[in-house]
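1. mind looking at a prediction? Sequence and model below.
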Amino acid sequence: MNWTPRIVLTAAVGISALLIAVAIFWQVDIRRAATPAPAATQEQASSPETPALSRNPAPTEEGNQREVTLFFLSSDGEDLAPEPRKIFLTSSVTDQARQVIKELIDGPQSALLPTLPASAELREVYLASDHTAYVDFSRAFVDKHPGGSSAEIATVFSLVDTLAYNFPEIRRVKILVEGEERPTLKEHLDLSRAYVADMSLVSRQERR
Amino acid sequence: MRQRRWLLVPLLTLLLPTPGFPLSLREDEVALRFQSVAQGSRVILEFAGPRPNYQVEKEANRVVVTLQGSFHSIPYKSKNFNEPILARFKLDRGSRQTDLLFYTGPEFGTVTSFEMTAPFRLVLEFQKKESRAAVPLGAGIPDVTSRQAVQVAPAIPAPPAEHSPQPPPAAGAAGLPVQPKAPGIQVIVVDAGHGGVEVGAKGSTGLLEKDITLDMAKRIQAGLTKSLGVRVILTRDSDKQVSLDDRTAIANHERADLFLSIHVNASRADKARGAETYFLSYQATDGESRALAALENNTIGVETPPGNSELGLVLWDLAQSHYLSESSKLAETIQSNLNDLLRIESRGVKQAPFKVLMGATMPAVLVEIGFITNPEEEVRLKDGDYRERIAQAIVQSVATFKERVEKQQGLR
Ligand SMILES: [Zn+2]
């Protein structure tokens, strides 16, 4: 059987290559890299059905970027409305989520209105394997928030809808402030729970 | 045997390398997971590195896990449970030593710890006082019982630590009605939103939500007392801070028939205007659905994933969920009266998970009487006559609701 060693060798090389690839992939995912290092890895996990807008195709032609959809407040304050953005197609979901949340903090570029305090800082994003993203903000997330039920709802669901819409890996979002759980944002919505997306808050015209 | 089966599921999950928690642990991190299990709460501490040097001590009102070394706890630095066995978790991190403080609740009895390896995990089981039905630790899993199950020696009760925060009373825990309420609508709690350092929303001229809500609550109290002859209790009658749990607890304790929380709204859109009336939404997450299913099956030993659906929360959600249909009818009546008064087309009744409504054991709504961020509405809100008209519209709505309920109960 003189082909056996060959098969074994080929298989061994193949498996090692695969293991190395997996190891590298994990490593990248594990390291909560602060800087978005563009990588070519594509994350096309099976996306759950979203009854609203058609999901944007993740990778784009131009370099290692992908288009994402952010949800900000409509100018009449009635609902949330989408605004496209490009982010680096880095290999980890948490890193992409971090870029998206920073864009939310930086606010809209159109006539839409911001939903998160501009001076809030994103401290960390963790993704648990039960698909809950823990998003940890600095103190300003609360201190600079205007309060009021409408503004709280806009803040929470702009964040949750944006994350859930762009990342099938994220099904729930739990907000932390300075690493701690808070009972509420400004005495209205319960923040001790993880939220799932509510796409009914997105403008009907946009949902079409 | 059915109970047993449910117990097995969460115990078996212990054998797996922490399902439900990030794998992205650094050496200086300890990952926390919390599970509600039969007879208590389970805490799993997972480490990336080798077995750390640690010590578990039971003190007067807390259990302290001391780790040699400096560790961050993720994802929480602190967490409130407000549960009868486990009240609160807090991290106290030093450069050489890290204390994980678990403040226990009134029903706490014993804590037991054991280890698991690959990855290294320290598991703490917090159990109820004299829970005779308690299944021995790790029952049904040979792999666990063979491991060193260390019964923690009951330490000498230490004097309460100086800064040990007393957990707030669980919403209405003491105020749960023990006898059936009197029929009809006799007692109404009116809650003036915010107060003290919690000023609420602010207008562009500096008008504060907490001042408007207090004035409104007093006007509504006067109107209800005068026109309906009901007993009205305010959750605050001055500019002071009252916790949300206490507000609901007052209503439960007084066995109120209605709970009205009065607020003034805010939006980044200064065009936003008009009143909005809310009642509690029940957005069941996966875990909550599972917990609910378990409750329906009359079993308790269900595992809940970290981060949401502590069983306590589910139960309190259920407390208000018995009244959701009545709450929605009251909300609709108030909203339609306010829309008529303000001549604004309906913004509609809305639902959201408001903390202050969750534990209420009676129909409960939250009314946002207008937008302090809308310059025109801010001017109007400063006008006492305008506020009086809104108060009267709310009083009229309660009168309509009261009449309907009492007709249904055959009292009229
Ligand atoms: Zn308010």
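-> Okay, I see it. Numbers count the residues shown, from 1 in each chain, chains lettered A, B, ... in the order given.
2. CA atoms for contacts and neighbours, from now on please.
-> Will do.
3. average pLDDT for the biggest helix by length in chain B, rounded please.
-> In terms of residue count, the longest helix belonging to chain B (DSSP state H) is helix B:384-408. Per-residue pLDDT over helix B:384-408 has a mean of 95.
4. contacts only, for the residue in chain A positioned nearest to the ion.
-> Nearest residue of chain A to the ion, counting by Cα to the ion: A:Gly148, 4.8 Å away. Taking Cα atoms under 8 Å, 6 or more residues apart in numbering or on different chains as the contact definition, A:Gly148 lies against A:Lys186, A:His188, B:Gly200, B:Ala201, B:His263, B:Val264, B:Asn265, B:Ala266, B:Ser267.
5. which ones among those residues lie within strands?
-> Mapping the contacts of A:Gly148 onto strands (DSSP state E) picks out B:His263, B:Val264, B:Asn265.
6. what comes up buried for stretch B:334-353?
-> Within stretch B:334-353, the residues scored as buried using 16 or more other Cα atoms under 10 Å in any protein chain shown are B:Ile334, B:Gln335, B:Ser336, B:Asn337, B:Leu338, B:Asn339, B:Leu342, B:Val349, B:Lys350, B:Gln351, B:Ala352, B:Pro353.
7. what does it contact?
-> A:189-190, B:274-283, B:328, B:331-332, B:389-390, B:393-394, B:397-398.
8. please pick the buried ones from those residues.
-> Those of the contacts of stretch B:334-353 that meet the buried threshold are A:189-190, B:274-282, B:328, B:331-332, B:390, B:393-394, B:397-398, by 16+ other Cα under 10 Å.
9. circling back to that earlier point, lowest pLDDT pick from the buried residues of stretch B:334-353?
-> B:Leu342 (84).
10. from start to finish, how long is stretch B:112-123 in a straight line?
-> Stretch B:112-123 has an end-to-end distance of 8 Å (Cα to Cα, to the nearest Å).
11. average pLDDT for it?
-> With pLDDT averaged residue by residue, stretch B:112-123 scores 83.
12. just checking, which helix or strand of chain A averages the lowest pLDDT?
-> Sorting the helices and strands of chain A by mean pLDDT, DSSP states H and E puts helix A:4-30 at the bottom, at a mean of 49.
13. tell me the buried residues in the helix or strand following that helix?
-> Using DSSP states H and E, the helix or strand that follows helix A:4-30 in sequence is strand A:65-73. Neighbour-count burial for strand A:65-73, with 16+ other Cα under 10 Å as criterion, is recorded at A:Gln65, A:Arg66, A:Glu67, A:Val68, A:Thr69, A:Leu70, A:Phe71, A:Phe72, A:Leu73.
14. how about stretch B:193-211?
-> In stretch B:193-211, counting by 16+ other Cα under 10 Å, buried: B:193-195, B:198-203, B:207-211.
15. so where do the helices sit in the stretch 301-412 of chain B?
-> Taking DSSP state H, counting those that start in this stretch, the helices of the stretch 301-412 of chain B run over residues B:311-321, B:324-342, B:355-358, B:375-381, B:384-408.
16. ok so, going back, which among the ones in strands among the contacts of A:Gly148 count as buried?
-> Of the ones in strands among the contacts of A:Gly148, these count as buried by 16+ other Cα under 10 Å: B:His263, B:Val264, B:Asn265.
17. hmm, back to that, show me what the longest helix of chain B is packed up against.
-> helix B:209-228, helix B:324-342 (3 or more Cα pairs under 8 Å, 6 or more residues apart in numbering or on different chains; DSSP states H and E).
18. mind running it again at 10 Å?
-> helix B:209-228, strand B:258-265, helix B:324-342, strand B:364-371, helix B:375-381 (3 or more Cα pairs under 10 Å, 6 or more residues apart in numbering or on different chains; DSSP states H and E).
19. report the angle between that helix and helix B:209-228.
-> Calculated by axes from the mean of the first three to the mean of the last three Cα atoms, to 10 degrees, helix B:384-408 forms an angle of 50 degrees with helix B:209-228.
20. show me which residues of helix B:384-408 are buried.
-> Buried residues in helix B:384-408, counted by 16+ other Cα under 10 Å: B:387-388, B:390-399, B:401-403, B:405.
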